[in-house]
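Asker: Below are the sequence and a predicted model; questions follow.
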Amino acid sequence: MRDQLFRLSRDSGGSLQSQVREALVDAILGGHIPPGGALPSCRRLARQLGVARNTVVSAYQGLVDEGYLVARERSGYFVADDVLAGHVDHRDRPSATGGAGPRWDDRLRLHPGRHRNVEKRADWQRYPYPFLYGQFDLALFPVAEWRECVRAASRIDAVARWASDGVDRDDPALLEQIHTRLLPRRGVWADADEILVTVGAQHALYLLANLLVGDQTTVAMEDPGYPDARNIFLLHTERLLGIPVDDGGLRLTPELADCDYVHVTPSHQSPTTVTMDLGRRQALLETARRHDLVLIEDDYESEFNFVGEPTPALKSLDRDGRVIYVGSLSKTLAPGLRLGFLVGPRELVRELRALRRLMLRHPPANNQRAAALFLAQGHHDSLVRRLSHAFRERWQAMGEALARHLPDSSRRPTFGGTAYWVEGPPGLDVARLAEAAAAEGILIERGDVFYLCDDRPRSTFRLGFSSIDVDHIEPGIARLAALVRRLTCSSR
C-alpha cells in the first residue's frame with residue numbers, strides 16, 4: 001500500500017529528483033508514513049517510478065540533510081522521529097456542528113464581488129483562437145535572460161541586501177532604472193522620492209483611491225473605460241462620472257468642471273485603443289488648471305505604437321504637478337510578475353508609501369532586484385523591440401482579417417497596442433456571440449462590461465492578439481465573422 005503513495009507527473013515541469021522529493025515530503029508531512037516508518041529501498045522505488053537509482057538516492061540524501069529522514073547502515077532510510085514535532089495532528093480537526101454561523105452578507109461593508117468585471121477563462125491556453133487582452137506569449141518571453149537575472153539576484157551578496165525587512169523602502173537599483181530607463185522614454189523625469197513601486201498598476205490605483213477619494217469626491221473616467229479602475233473608485237464613492245470617448249479619446253465636456261479627479265488612458269484608450277492627440281492633451285491640462293482638477297494618467301501600452309511617432313506622456317507636459325503617472329511592466333515583461341510604479345509629487349508619494357506599508361510593506365524585494373538587473377543589462381529594451389515587431393505583425397494581420405471578413409463593422413482608429421475594439425452590426429448580441437464562439441474554440445471579450453452608463457451597447461467586443469500566433473489570426477476571425485453573420489440574421 002505504501003508504494004502506491006509515490007507517483008510522478010511527467011508534465012509537472014520539475015526535474016525528476018524534485019518530483020521524487022515532493023512526493024516523499026507530501027507522504028511524510030501528510031502522515032501517510034509515520035515517524036520511524038521505513039521507506040522503500042532506493043532500487044525498489046526507482047524501479048517503481050521508472051527513474052535512475054541515483055535520482056532516488058539524491059532525493060533521499062537531500063531529505064536526510066534537512067532532517068526529514070535518517071539513514072541506518074544496512075537497514076535503509078526511515079522517517080525521522082521528530083519530523084512532525086510542532087504539527088497539529090490532523091485527526092484533531094474539529095468536526096462541523098451544523099450550528100448557525102455568522103451571516104456574512106449582513107456583516108460585509110463592501111461587495112466587490114458584485115462588480116462587473118472582464119472574465120477570462122483559466123484554461124484559455126487550450127483554445128486555438130484566444131483573442132484575449134493582457135495575456136502573454138511564452139514564445140516571446142526571454143526565459144534565459146530572466147533566469148540569469150533571477151540567479152544573480154539569488155547570490156549570497158544579493159540576498160544579504162534584499163532579504164532583510166525593508167519596511168517601506170523600495171529597491172534603490174529598481175528606482176534608479178525606472179528613473180533612468182523607463183520614464184525618460186515617455187519624457188518623464190522624477191527623483192527617487194517621487195516614485196513608488198507597486199504590485200502592478202491596479203495596486204497604484206487602489207492606493208490613490210484609498211488616500212484621495214471619499215464619499216463626497218467626484219471622479220470622472222472614460223466611458224467606455226477600464227473596469228478595474230471603475231470598480232476601485234466605486235468602492236469609495238458613488239459619484240463616478242462617465243465621460244464619452246470619441247476618436248480623440250476622452251471628450252472635454254462641461255461636466256469635468258465639477259470633478260475632483262479624472263482617470264484617463266491617453267496613450268491607448270482602454271478599451272477602444274484610440275490615442276489622444278497632443279492638442280487635446282494640452283487642452284485637458286488647461287481644463288485641469290482652470291478647474292483645479294488632478295489627472296490620473298494610466299499610461300499602459302505606450303511602448304507599442306505602430307503608426308507615427310509616440311505622443312509624449314501627459315505627465316511630460318505637466319508644469320503644475322496636476323498629473324499622477326501610473327506605469328507597469330505587465331504588458332512588456334509579464335503580467336504575473338505584478339510590478340508597477342507610480343510617479344507623483346513627493347508629499348503625495350510619502351503618504352502613499354506610508355499607506356502601502358500598512359497593506360504589504362513593499363513589493364517582494366527579490367522580484368524588484370531581478371527586474372532591476374533585467375533593465376540594467378538591457379534585456380527589457382531588447383524585449384520591447386522584439387515585442388513591437390511581433391505585435392505590429394499581428395496588429396496588421398488582424399486589421400486585414402477584420403477588413404476582409406467583417407467589413408461592415410465600425411472600428412475606431414487604432415495606432416498600436418495589442419487589441420482591436422469592434423462595434424458589431426446592429427442587433428448583434430455579444431453575450432450570445434461569446435458563448436457560441438467559445439464552443440468553437442474562439443475567446444473574445446464582451447464590450448458591455450467596459451461601460452459605466454446604463455444604456456450599454458450590446459454589440460461591441462474587444463479582440464486581443466498578444467497571446468495568439470499570427471497564423472491563427474485570420475482563420476479565427478473568419479470563423480468569428482461567420483458566427484456574427486449567423487447570429488445577426490437570426491435576430492432579425
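Answerer: Cool, got the structure.

Asker: From the contact counts, what lies against the longest helix belonging to the chain?
Answerer: If you go by DSSP state H, the chain has its longest helix at helix 379-405. Counting by 3 or more Cβ pairs under 8 Å, 6 or more residues apart in numbering; DSSP states H and E, the packing neighbours recorded for helix 379-405 are helix 143-152, strand 419-423, helix 470-490. All C-beta atoms are positioned from the backbone trio N, CA, C, and that covers glycine.

Asker: The longest one versus helix 379-405: what angle between them?
Answerer: Between the direction of helix 470-490 and that of helix 379-405, the angle (axes from the mean of the first three to the mean of the last three Cα atoms, to 10 degrees) works out to 40 degrees.

Asker: of all the helices and strands packed on helix 379-405, which gets the most neighbours per residue?
Answerer: Mean neighbour count (mean count of other Cβ atoms under 10 Å) peaks for strand 419-423 among those, with a mean of 23.

Asker: That one - contacts with which helices or strands?
Answerer: By 3+ Cβ pairs under 8 Å, 6+ apart, strand 419-423 packs against helix 379-405, strand 410-411, strand 460-464.

Asker: Nearest to Leu293 among these would be which one?
Answerer: strand 460-464 (28.4 Å; Cβ to Cβ).

Asker: ok, that closest one: who's next to it in the sheet?
Answerer: strand 419-423 (antiparallel), strand 445-446 (antiparallel) (DSSP bridges).

Asker: hmm, who's touching it?
Answerer: Residues from elsewhere that reach strand 460-464, judged by Cβ atoms under 8 Å, 6 or more residues apart in numbering: 131-135, 224, 271, 398, 402, 418-424, 430, 433-434, 444-448, 450, 477.

Asker: Residues in contact with stretch 30-45: which ones?
Answerer: Stretch 30-45 is touched from outside by 2-3, 5-6, 20, 24, 27, 48, 53, 56-57, 60, 69, 75-84, 90, with contacts defined as Cβ under 8 Å, 6+ apart.

Asker: Can I get that stretch as PDB, trimmed to CA atoms?
Answerer: The C-alpha trace of stretch 30-45 is given here as PDB (Å, rounded to 0.1, in the frame of the first residue of the first chain):
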ATOM      1  CA  GLY A  30       0.600  14.200   5.300                       C
ATOM      2  CA  GLY A  31       1.100  11.500   7.900                       C
ATOM      3  CA  HIS A  32       0.900   8.600   5.400                       C
ATOM      4  CA  ILE A  33       4.300   7.400   6.500                       C
ATOM      5  CA  PRO A  34       4.500   7.800  10.400                       C
ATOM      6  CA  PRO A  35       7.600   8.900  12.200                       C
ATOM      7  CA  GLY A  36      10.100   6.000  12.400                       C
ATOM      8  CA  GLY A  37       8.500   4.300   9.400                       C
ATOM      9  CA  ALA A  38      10.600   2.700   6.700                       C
ATOM     10  CA  LEU A  39      10.800   3.900   3.200                       C
ATOM     11  CA  PRO A  40      11.200   1.700   0.100                       C
ATOM     12  CA  SER A  41      14.700   0.900  -0.900                       C
ATOM     13  CA  CYS A  42      16.300   3.100  -3.400                       C
ATOM     14  CA  ARG A  43      16.400   0.400  -6.000                       C
ATOM     15  CA  ARG A  44      12.800  -0.600  -5.400                       C
ATOM     16  CA  LEU A  45      11.400   2.900  -5.600                       C
END
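
Asker: coming back round to it: in strands, which of the contacts of stretch 30-45 fall?
Answerer: Within these, residues falling in strands by DSSP state E are 69, 76-79.

Asker: got the contact list for the closest residue to Ile473 other than its chain neighbours?
Answerer: Closest residue to Ile473 apart from its sequence neighbours, by Cβ to Cβ, 6 or more residues apart in numbering: Ala397 at 4.6 Å. For Ala397, the contacting residues are 465, 470, 473-474, by Cβ under 8 Å, 6+ apart.

Asker: what's near enough to touch Ile28?
Answerer: 68, 79, 83.

Asker: Surely the first one and Asp82 touch.
Answerer: No: between Tyr68 and Asp82 there is no contact, the gap being 10.3 Å when judged by Cβ atoms under 8 Å.

Asker: These two - which one has more neighbours?
Answerer: Tyr68 (18 against 9; other Cβ atoms under 10 Å).

Asker: what's the distance between the more buried one and Val83?
Answerer: Tyr68 sits 6 Å away from Val83, going by Cβ to Cβ, to the nearest Å.

Asker: so what's Arg107 up against?
Answerer: By Cβ under 8 Å, 6+ apart, no residues touch Arg107.

Asker: measure it to Leu234 for me?
Answerer: Counting by Cβ to Cβ, the separation of Arg107 from Leu234 is 20 Å.

Asker: repeat for Val83
Answerer: Counting by Cβ to Cβ - Val83 and Leu234 are separated by 50 Å.

Asker: what's the answer for Pro35, then?
Answerer: Pro35 is 53 Å from Leu234, by Cβ to Cβ.

Asker: More neighbours: which of the two?
Answerer: Leu234 (18 against 14).

Asker: was I right about the more buried one contacting Asn117?
Answerer: No: Leu234 lies out of contact with Asn117 (Cβ under 8 Å); the separation is 11.8 Å.

Asker: got JSON lines for the strands paired with strand 460-464, with mean pLDDT and distance to Ser459 too?
Answerer: Putting the strands paired with strand 460-464 into JSON lines (pLDDT from 0 to 100; distance: least, Cβ to Cβ, whole Å) gives the following:
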{"stretch": "strand 419-423", "mean pLDDT": "94", "distance to Ser459": "6"}
{"stretch": "strand 445-446", "mean pLDDT": "96", "distance to Ser459": "10"}
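
Asker: could you dump these to JSON lines with distance to Gln177?
Answerer: What follows is these, written out as JSON lines (distance: least, Cβ to Cβ, whole Å):
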{"stretch": "strand 419-423", "distance to Gln177": "28"}
{"stretch": "strand 445-446", "distance to Gln177": "32"}
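
Asker: now stretch 365-381: mean pLDDT?
Answerer: Mean per-residue pLDDT for stretch 365-381: 94.

Asker: mind listing what's buried in that stretch?
Answerer: Of all the residues in stretch 365-381, those buried under the rule 16 or more other Cβ atoms under 10 Å are 365-376, 379-380.

Asker: do the same with stretch 454-468
Answerer: For stretch 454-468, by 16+ other Cβ under 10 Å, it's 456-468.

Asker: Centre of the chain to it, how far?
Answerer: In terms of Cα atoms, centre = their mean, to the nearest Å, the centre of stretch 454-468 is found 18 Å from the chain centre.
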